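Visitor: below are the sequence and a predicted model for it; my questions follow.
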Amino acid sequence: MSQIQERGSTHVYKVNKISREEMESMVERCVYAHPPFCSAACPLKLDARAFLEAAAAGNFKKALQLYEKIAPFPLVLAMGCEAPCERSCRLGEIGEAVQIRAVEEAAARFGQTQRLGSVFRTRKKKSVAIFGSGLFALFLAGELEKKAYPLSVFCEEADAERFLKSETGFLDEEAFRSELKRLQGMDIQFVFGCAIDRAFIEEKRAAFDVACASPAVREKLFPEAECIPALMYCEDLKLVSGPCSGVLDAAFGAKKAALTVDRLAQNLDPRNARGQEGPVESRLYTDLSEARELTRVPMNGAGCTREEAAREAGRCIRCHCEECLKSCAYLAHYKKHPGLFAREIYNNTQIIMGDHPLNKPMNSCALCGQCTVVCPNGVDMARVCLDARRNMVSTDKMPLAPHEFALLDMLFSNEEAFLSRPQPGFDTCRYVFFPGCQAAAIAPETVKAAYLDLCDRLNGGVALMLGCCGAIGGWAGRTELEEQTRVFLDRELSKLGDPIVIAGCPMCKKELAGHEGLQITGIWDVLLEIGLPGGGHRLERPAALHDSCGARGDEKTQTAIRELAMRLGCELIETDYSGDRSPCCGYGGLAAYANREVAQEMTEKCLARSDAPYITYCMACRDRFARQGRESKHILELIYGTEAGAPPDISEKRYHRLMLKKELLRELWQEETKDMKLDYELNYTEQARRMMDERMILTDDVIAVMDELRKTGACIFDEESGLFIACRRIGNATFWVKFSREGDARYLVHRAWSHRMTVVKREG
Amino acid sequence: MAEKNYYTIDPEGKLTCMRCGVPLIKGKARFLYLDNGFPVELPVCPVCGFVYVPEELALGKVAAVERALEDK
Ligand code: SF4
Ligand code: SF4
Ligand code: SF4
Ligand SMILES: [Zn+2]
């Protein structure tokens, strides 16, 4: 029996199959973290999605708190803002943009709470002075007060009311009163009625660490001063000031100026460490098809009601990209966007010592390629996960446990169950039928019927090759094994005269197409050409067609299957996510071996598309759907009128392959194979059978245990259950069988379990 | 110094080694996996040294430790 070497525990680093640059470029492509277009256009970076969400829920208090982050005087900004966000709102492309500004104004009116005095705050050590009035001075005072600078404002106005009035004529009376209250509640030292000239400034600023001036003061007193608008700073004067025009620009200027003050207060160059300021470019993708409310709710400034404001906010579709999460059960399970996930998975491959927490997630991807198709930017998680697996294998850090069963199954397909023969009467053949390991395991009768039909109707001889294409080794990240399989199959094919391969499975077709000089087609293409064999039947009810992920990007195959189904008279239902967008059934990428739960969710996701029966063209899909209790038929079952019946368990899948080989060898090639008859009787309770399937224990494993028992007599008797227990180490696992016996040659298996650890007696 | 046992099961005379015809006793054993070892006390045959790993232990603790070591 074949065996695969368990991984070592020494830390070798052989090859790096995934480069940081490659990973970064993938991460870079994913736009989930990009801001929505409205926020991107806002120089103050309002989190418009969150803001509108709160307002839509009628939570104006929370909405205002979010708005206050960018607006120390919310009504001033909201009523005066030019609202570039609205011009960028995606809804504007298909209807009317969300009136974000009007909602801001409503939030500023409805969200007011009693502002707590700021007396108990610890103030900063460094102090700041502002000379002048107007919007910039007002906003800057608000920003600096928020940052807790001891702050003095020197202005010509006689009182706070007149200070606020400067450049805010657009406020109505109520709004003005509200903002005045806000101003008066702030921790600002005002010096009113100043005659501000150069000497005044020189004299007063000496007592402060940083001095700021309104644009009007600076222009009047220092017309020659050069200022850097990006910093709002006149370097030669050491004065924080700069030009601004309009309300939003004043607010933005104040934001930049406040950052400059921060830097100066710490004696640092104001040019550095500023991060991204102002409007940004966003490449966020948004599916606009779900937008429903395309026309604006009439809102009339101060007269607007809470309900109107909430309704208008509710029109926002909260632009975000999750095309991949919507379609892939695996990503949805882990709730992670590829932009984040890819980096974590890459990092996992770089861990030399310690836990690899991303092993399981990395092994749970179906490698199906659906994300690449649905993602507007073609992000390819399959590449990331496959490269990560290969990397782990090459550095000997990949645990064998999750994939061992599948890998041994592949070896079984290409050793004990392997068959390669030219059609009787031929030495070499024009064609070879390659049904794929799953077809032989799940529907041996169908494979046989298809092969006999091809022999019958094609000229030049049709050889048969029962085996595995090697995809399993590839999925496991074991490139060496995949390569060995390739060499082995190529050798067998050359013995048959390098025939044209007729694949019975789209995944095999894809895998074998990678062999150099190999000609390949699908049985579906052949049947389209030579016509249906007769004896087939349609499904009585309309059926949903499930496209195999092996046929992604292979339009010819997808079309051929539809055509065949139509010729059979089937009525097909096309679902969302069909064709290239089809999800994986859960078999792909060995997901089902590494993570049953995720694979199950993948199957459910497939089945959620329709209540109808499914027609598939991959046997693994057929099997997983049927196991889930859904009527499902492989197209070849319909074409040949053969019924694969109830889904086989793991042992039956092996048995089917062996029996198919034996039967065909006997019937077509007159070769008898030795019967592997046991010289004792071995039966299983139904519970034992189920348990073994669940625990990936084969009848072959049980037989090996019983053989050993009969040789050595080693077993124990458990008084409590009245049953015997025997065990044997096979490959990398120890198998235990609990059984009853009748005489010396009859056993009934009740339970079975296994573990990978070895156990030894220890002395002392 | 005695090693700390990670797990102890006493067969309490309910298990018999059929080859040797004697009851299993609580004895010292060691699990090994990927170069890690864990001392335990399990039902052991005092004559031939057969060590018994009960189903609950295999599917519970042992499986959990296996998963943890595999991802090291
Ligand atoms: S579809 Fe997914 S992977 Fe692609 S950009 Fe959007 S969030 Fe990122
Ligand atoms: S729909 Fe909402 S999130 Fe999208 S751009 Fe418009 S306001 Fe912004
Ligand atoms: S399971 Fe398929 S769709 Fe999901 S991440 Fe993996 S390759 Fe992409
Ligand atoms: Zn014994």
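Guide: Received it, and whenever you're ready, just let me know what you need. Just so it is clear, the structure is predicted and the values come from calculations on it, not from any experiment. Ligands and ions are numbered 1, 2, ... in the order given.
Visitor: any idea which helix is longest in chain B?
Guide: helix B:63-70 (DSSP state H).
Visitor: just the CA atoms of that helix, as PDB, please.
Guide: Only the C-alpha atoms of helix B:63-70 are listed here, as PDB (Å, rounded to 0.1, in the frame of the first residue of the first chain):
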ATOM      1  CA  ALA B  63      -7.200  14.900  18.200                       C
ATOM      2  CA  ALA B  64      -7.000  18.400  19.700                       C
ATOM      3  CA  VAL B  65      -3.300  18.100  20.500                       C
ATOM      4  CA  GLU B  66      -2.700  16.600  17.000                       C
ATOM      5  CA  ARG B  67      -4.300  19.700  15.300                       C
ATOM      6  CA  ALA B  68      -2.300  22.000  17.500                       C
ATOM      7  CA  LEU B  69       1.000  20.300  16.700                       C
ATOM      8  CA  GLU B  70       0.200  20.100  13.000                       C
END
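Visitor: what is it packed up against?
Guide: Where contact means 3 or more Cβ pairs under 8 Å, 6 or more residues apart in numbering or on different chains; DSSP states H and E, helix B:63-70 is packed against helix A:401-414, strand B:25-33. All C-beta atoms are positioned from the backbone trio N, CA, C, and that covers glycine.
Visitor: if you set the cut-off to 10 Å instead, what comes out?
Guide: Other elements packing on helix B:63-70 under the criterion 3 or more Cβ pairs under 10 Å, 6 or more residues apart in numbering or on different chains; DSSP states H and E are helix A:359-364, helix A:401-414, strand A:746-755, strand B:25-33, strand B:36-44.
Visitor: name the SS class of A:Met465, please.
Guide: With DSSP: H, G, I helix; E, B strand; the rest coil as the basis, the three-state label of A:Met465 is strand.
Visitor: for it, give the beta-bridge partners.
Guide: A:Met465 has these beta-bridge partners by DSSP bridges: A:Ser420.
Visitor: give me the pLDDT for the residue in chain B positioned nearest to chain A.
Guide: For chain B and chain A, the shortest gap (Cβ to the nearest Cβ) falls at B:Glu70, measuring 3.5 Å. pLDDT, B:Glu70: 91.
Visitor: picking that back up, in the longest helix of chain B, what's buried?
Guide: For helix B:63-70, burial by neighbour count (16 or more other Cβ atoms under 10 Å in any protein chain shown) applies to B:Ala63, B:Val65, B:Glu66, B:Leu69, B:Glu70.
Visitor: from those, which is closest to A:Arg296?
Guide: In terms of Cβ to Cβ, no member of those lies closer to A:Arg296 than B:Glu70, at 57.7 Å.
Visitor: nearest residue to that closest one in space, please, no chain neighbours.
Guide: A:Pro399 (3.5 Å; Cβ to Cβ, 6 or more residues apart in numbering or on different chains).
Visitor: can you tell me how far that neighbour is from A:Val759?
Guide: According to Cβ to Cβ, to the nearest Å, A:Pro399 and A:Val759 sit 19 Å apart.
Visitor: and whichever strand or helix holds A:Ala141, what does it pack onto?
Guide: Taking DSSP states H and E as the criterion, the element that holds A:Ala141 is helix A:135-146. Here helix A:135-146 touches helix A:74-80, strand A:128-131, strand A:151-154, helix A:160-165, helix A:173-184, strand A:210-213, helix A:215-221, helix A:247-265, going by 3+ Cβ pairs under 10 Å, 6+ apart.
Visitor: give me the angle between it and helix A:247-265.
Guide: Counting by axes from the mean of the first three to the mean of the last three Cα atoms, to 10 degrees, helix A:135-146 points 50 degrees away from the direction of helix A:247-265.
Visitor: so which residue is dead centre in chain B?
Guide: By Cα atoms, centre = their mean, chain B has its centre lying nearest to B:Leu42, at 3.9 Å.
Visitor: which residues does it form beta bridges with?
Guide: When assigned by DSSP bridges, B:Leu42 has beta-bridge partners B:Gly27.
Visitor: contacts only, for it.
Guide: Shown in contact with B:Leu42 (Cβ atoms under 10 Å, 6 or more residues apart in numbering or on different chains): A:759, A:761, B:5, B:7-11, B:24, B:26-31, B:51-54, B:57.
Visitor: residues in contact with stretch A:701-709?
Guide: Contacts with stretch A:701-709, where a contact means Cβ under 10 Å, 6+ apart, come from A:1, A:651, A:676, A:678-680, A:682, A:684, A:688, A:692, A:695, A:697-698, A:714-715, A:724-731, A:733-737, A:739, A:741, A:747, A:749, A:752, A:754, B:18-19.
Visitor: just the ones of the residues you listed in helices?
Guide: Per DSSP H, helices hold the following members of the contacts of stretch A:701-709: A:Ser651, A:Ala688, A:Met692.
Visitor: so who does the closest residue to the last one other than its chain neighbours touch?
Guide: For A:Met692, ignoring the flanking residues on the chain, the nearest one in space by Cβ to Cβ, 6+ apart is A:Ala752 at 5.3 Å. Taking Cβ under 10 Å, 6+ apart as the definition of contact, the neighbours of A:Ala752 are A:684, A:688-689, A:691-692, A:695, A:697-699, A:701-702, A:705, A:727, A:735-739, B:55.
Visitor: rerun that using 6 Å as the cut-off
Guide: Residues in contact with A:Ala752 (Cβ atoms under 6 Å, 6 or more residues apart in numbering or on different chains) are A:Met692, A:Ile697, A:Val737.
Visitor: the residues you listed, buried ones only, as a ChimeraX selection?
Guide: In ChimeraX syntax, the buried subset of the contacts of A:Ala752 is picked out as below (16+ other Cβ under 10 Å):
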select /A:692,697,737
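Visitor: which stretches of chain B have low pLDDT?
Guide: Applying pLDDT under 70 to chain B flags the ranges B:1-3.
Visitor: helix, strand or coil: sort out A:Thr286 for me.
Guide: coil.
Visitor: okay, now A:Lys336: neighbour count?
Guide: Number of residues near A:Lys336 (other Cβ atoms under 10 Å in any protein chain shown) recorded here: 18.
Visitor: and it, how far from chain B?
Guide: 18 Å (Cβ to the nearest Cβ, to the nearest Å).
Visitor: that residue and ligand 1, how far apart?
Guide: As judged by Cβ to the nearest ligand atom, to the nearest Å, A:Lys336 and ligand 1 stand 10 Å apart.
Visitor: so the residue of chain B closest to chain A makes contact with A:Ala401?
Guide: Yes: under the criterion of Cβ atoms under 6 Å, B:Glu70 makes contact with A:Ala401 at 5.4 Å.
Visitor: get me the contact residues on chain B for chain A.
Guide: Within chain B, the positions lying close to chain A (Cβ under 6 Å from any Cβ of the partner chain) are B:14-19, B:28-35, B:44, B:49, B:51-53, B:55, B:58, B:62, B:66, B:70-71.
Visitor: among these, which are within reach of ligand 4?
Guide: Among the residues of chain B next to chain A, the residues that sit close to ligand 4 (Cβ under 5 Å from the ion) are B:Cys17, B:Arg19.
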